[in-house]
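A.B. asks: sequence first, predicted model second:
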Amino acid sequence: MSQEFKWGILGTGGIARAFARDLTFLNNHIVAAVGSRSTESAQEFAFEFPGCTAHGSYEELVANPDIDAIYVATPHPMHVAHTILALNAGKPVLCEKPFSVNAREARQMVDASIENNVALLEAMWMRFLPHIHQVRKILASGILGEIISVTADHGQRLADQGIVRLVEPSLAGGALLDLGIYPVSFAHMVLGVPESVHATAVMTDKGVDASTSMLFSYASGAQAILTTTMIAQTPCRAVISGINGWLEIDRTFYNPAAMRVHLYDGTITEYPSDYQGHGLREQAIEFANIVRAGKFESEHLTHKNTLEIMELMDLIRNKIGLKYPSD
């Protein structure tokens, strides 16, 4: 493998373009190829990135011998097929969140990674951002004391924007999988797997969730209070509270963001953010390091972590009655 890390982008939608553009902040990560269902779409995407090869099928893309890894950026229900396609071709895969539609698909993807001895990582980019690394350090220091609660919300006004994939059950639409995955993953990172889960939702006329609220309870006595909606813009902040103080992350908590620690004695420590760009490239750096080290998963988001999160998402969906054709 050369010093350059060459990416093949599987899919040409908005998140694929955002990821590819964020890679341009890095000197050694290259958008080397793109695959689409049509040559025209691939060529249009490739035009923005000099040297990018356009492939008119996903099969052609994963067969490209010059690619170091594949970034899967197709709609949710297609993640399982496209990830396994790439893994079976021997290509490491960074797969967009939500990792899959359900835990059953997630297990198939992880199994394919193990069987092919190829790296696989959920593209929950939040987990790899500088301020989240700082969050981990703060938690590990014990300065907040025993954690009592986590609160996080993620709301965007998307339901009335004509975005088909968000409203159709056949495309695993709804707020939970697209937006709610962020607060759920955040709570999991801080507190792990809850002992019990309560959830309620407001459903659309097509049967996907417009808004969902969740309460996770833990054996330690801690709770996580999480909300998500695609009806309206919300503050998108997160707070971790302990008996000795709290850590608050400003809008938007899952993006590069400023934050601060308030201690019980009145001390306030600021953590400003001067990050440039979207923030999608940090997961690319992590994944390249994994691949180059001959590893198959990240210590910051293991396969076990991803499976636990998808099992949580299944449980929440069951409680709010959110069903998809692929279930």
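C.D. replies: Nice, I can see it.
A.B. asks: so residue 53 bridges to which residues?
C.D. replies: residue 33 (DSSP bridges).
A.B. asks: give me the phi and psi for the residue nearest in space to the middle of the chain.
C.D. replies: Closest residue to the average C-alpha location of the chain: residue 124 at 2.3 Å, with CA atoms, centre = their mean. Taking degrees, to the nearest 10, you get phi -80, psi 80 for the backbone angles of residue 124.
A.B. asks: for the one 10 residues further on, same thing?
C.D. replies: When quoted as degrees, to the nearest 10, the phi and psi of residue 134 stand at phi -70, psi -40.
A.B. asks: looking at the chain, which helix or strand does the model trust least?
C.D. replies: The helix or strand of the chain with the poorest confidence is helix 164-167; it has a mean of 93 (mean pLDDT, DSSP states H and E).
A.B. asks: got the buried residues for it?
C.D. replies: 166-167 (16 or more other CB atoms under 10 Å). All C-beta spots, glycine's among them, are computed from the backbone N, C-alpha and C.
A.B. asks: same thing with stretch 18-29?
C.D. replies: If you call a residue buried by 16+ other CB under 10 Å, then stretch 18-29 has these buried ones: 18-23, 26, 29.
A.B. asks: export those residues as JSON lines, with columns for pLDDT, distance to residue 41 and secondary structure.
C.D. replies: Formatted as JSON lines, those follow (pLDDT from 0 to 100; distance: CB to CB, whole Å; DSSP: H, G, I helix; E, B strand; the rest coil):
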{"residue": "18", "pLDDT": "97", "distance to residue 41": "16", "secondary structure": "helix"}
{"residue": "19", "pLDDT": "97", "distance to residue 41": "16", "secondary structure": "helix"}
{"residue": "20", "pLDDT": "97", "distance to residue 41": "14", "secondary structure": "helix"}
{"residue": "21", "pLDDT": "97", "distance to residue 41": "17", "secondary structure": "helix"}
{"residue": "22", "pLDDT": "96", "distance to residue 41": "20", "secondary structure": "helix"}
{"residue": "23", "pLDDT": "97", "distance to residue 41": "19", "secondary structure": "helix"}
{"residue": "26", "pLDDT": "95", "distance to residue 41": "25", "secondary structure": "coil"}
{"residue": "29", "pLDDT": "97", "distance to residue 41": "22", "secondary structure": "strand"}
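A.B. asks: quick one: the residue nearest to the centre of the chain from residue 62, how far?
C.D. replies: As defined by CB to CB, to the nearest Å, residue 124 lies at a distance of 22 Å from residue 62.
A.B. asks: what do you get for residue 107?
C.D. replies: 21 Å.
A.B. asks: state the pLDDT value of residue 2.
C.D. replies: pLDDT recorded at residue 2 is 54.
A.B. asks: and residue 210, by the same measure?
C.D. replies: 98.
A.B. asks: am I right that it sits in a strand?
C.D. replies: Yes. With DSSP: H, G, I helix; E, B strand; the rest coil as the criterion, residue 210 is part of a strand.
A.B. asks: am I right that it is in contact with residue 228?
C.D. replies: No. Proximity of residue 210 to residue 228 does not meet the contact threshold set by CB atoms under 8 Å, at 9.8 Å.
A.B. asks: spit out the residues that contact those two alike.
C.D. replies: residue 175 (CB atoms under 8 Å, 6 or more residues apart in numbering).
A.B. asks: re earlier: just the C-alphas of the least confident helix or strand of the chain, formatted as PDB.
C.D. replies: Extracted in PDB, the C-alpha atoms of helix 164-167 (Å, rounded to 0.1, in the frame of the first residue of the first chain):
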ATOM      1  CA  VAL A 164     -38.100  10.500  -0.500                       C
ATOM      2  CA  ARG A 165     -35.800   8.200   1.400                       C
ATOM      3  CA  LEU A 166     -36.900   9.800   4.700                       C
ATOM      4  CA  VAL A 167     -40.600   9.200   4.300                       C
END
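A.B. asks: can you list contacts of it?
C.D. replies: In contact with helix 164-167 (CB under 8 Å, 6+ apart) are residues 75-76, 158-159, 171-174, 178, 204, 206, 208, 230.
A.B. asks: isn't the residue nearest to the centre of the chain right up against residue 298?
C.D. replies: No. Contact criterion CB under 8 Å: residue 124 and residue 298 do not qualify, at 10.0 Å.
A.B. asks: identify the residues contacting residue 175.
C.D. replies: So residue 175 contacts 155, 208-212, 228-230 (CB under 8 Å, 6+ apart).
A.B. asks: leaving out the residues flanking it, which one is nearest to it?
C.D. replies: Closest residue in space to residue 175, ignoring its immediate chain neighbours: residue 230 at 4.2 Å, by CB to CB, 6 or more residues apart in numbering.
A.B. asks: pLDDT value on the residue nearest to the centre of the chain, please?
C.D. replies: If you check residue 124, the pLDDT there is 97.
A.B. asks: which residues does it contact?
C.D. replies: With CB under 8 Å, 6+ apart, residue 124 has these contacts: 97, 99, 181-182, 185, 283, 301, 306.
A.B. asks: go on, residue 302?
C.D. replies: Counting by CB under 8 Å, 6+ apart, residue 302 has no contacts.
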